[in-house]
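Participant: Got a predicted model here, sequence first, then my questions.
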Amino acid sequence: MPGGRKPSHKREQAVAALLSSPSVAAAAQKAGVSERTLRSWLKDAEFTALYRAARRDIVEAAVTLVQQTMATAAATLHRNLTCGAPAAEIAAAKFLWEQGLAAVSIFDHEQRLRQLEAVAEAGRPRRAGGFGS
């Protein structure tokens, strides 16, 4: 781990077990440690950092999968706009409308944030010499 000791094999097994078990007790049993030990590890900053990093990796993989299927999902919604089933057409139109409005709002907020960051950066005093000057 950055800035710390390398996690033990048991701790890595415990992280994997936490990610695939419905409870801490089940994870402890799967990892071959006591529930008390696992709960203690969950209070340790290095262990929780390892656990969070593993959860983040799973979420990033899931987001990648979602992104890879977005074009197919959009095509399906587009097809449903004229599929001949009024309920499906209305549902697709409503969803696309809501997502389109949400996207515009997100883009507007992102632009506003960039403008505010530029104003804040322009108001910061510069340090003489070194990096960041």
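Facilitator: That came through, no problem.
Participant: could you pull out the helices for the protein?
Facilitator: Counting by DSSP state H, the chain has these helices, from start to end: 9-20, 24-31, 35-41, 45-80, 86-123.
Participant: Need the ones you listed in a markdown table (columns: mean neighbour count and mean pLDDT).
Facilitator: Where you see a C-beta, it was placed from the backbone N, CA and C, and this is true even at glycine. A markdown table is the format used below for the helices of the chain (neighbours: other C-beta atoms under 10 Å; pLDDT from 0 to 100):
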| stretch | mean neighbour count | mean pLDDT |
| --- | --- | --- |
| helix 9-20 | 17 | 96 |
| helix 24-31 | 17 | 97 |
| helix 35-41 | 15 | 97 |
| helix 45-80 | 12 | 95 |
| helix 86-123 | 11 | 95 |
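Participant: Help me confirm that Leu81 comes into contact with Ala91.
Facilitator: No. Using C-beta atoms under 8 Å, Leu81 makes no contact with Ala91, being 9.9 Å away.
Participant: the domain parsing of this protein - what is it?
Facilitator: Following automatic domain parsing, one finds the domains of the chain at 1-69, 81-124.
Participant: contacting residues for the nearest residue to Tyr51 once chain neighbours are set aside?
Facilitator: Leaving aside its chain neighbours, Tyr51 sits nearest to Val15 (5.1 Å; criterion: C-beta to C-beta, 6 or more residues apart in numbering). Neighbour list for Val15: Pro7, Phe47, Leu50, Tyr51, Ala54 [criterion: C-beta atoms under 8 Å, 6 or more residues apart in numbering].
Participant: same thing but at 6 Å, please
Facilitator: Residues in contact with Val15, defined by C-beta atoms under 6 Å, 6 or more residues apart in numbering, are Leu50, Tyr51, Ala54.
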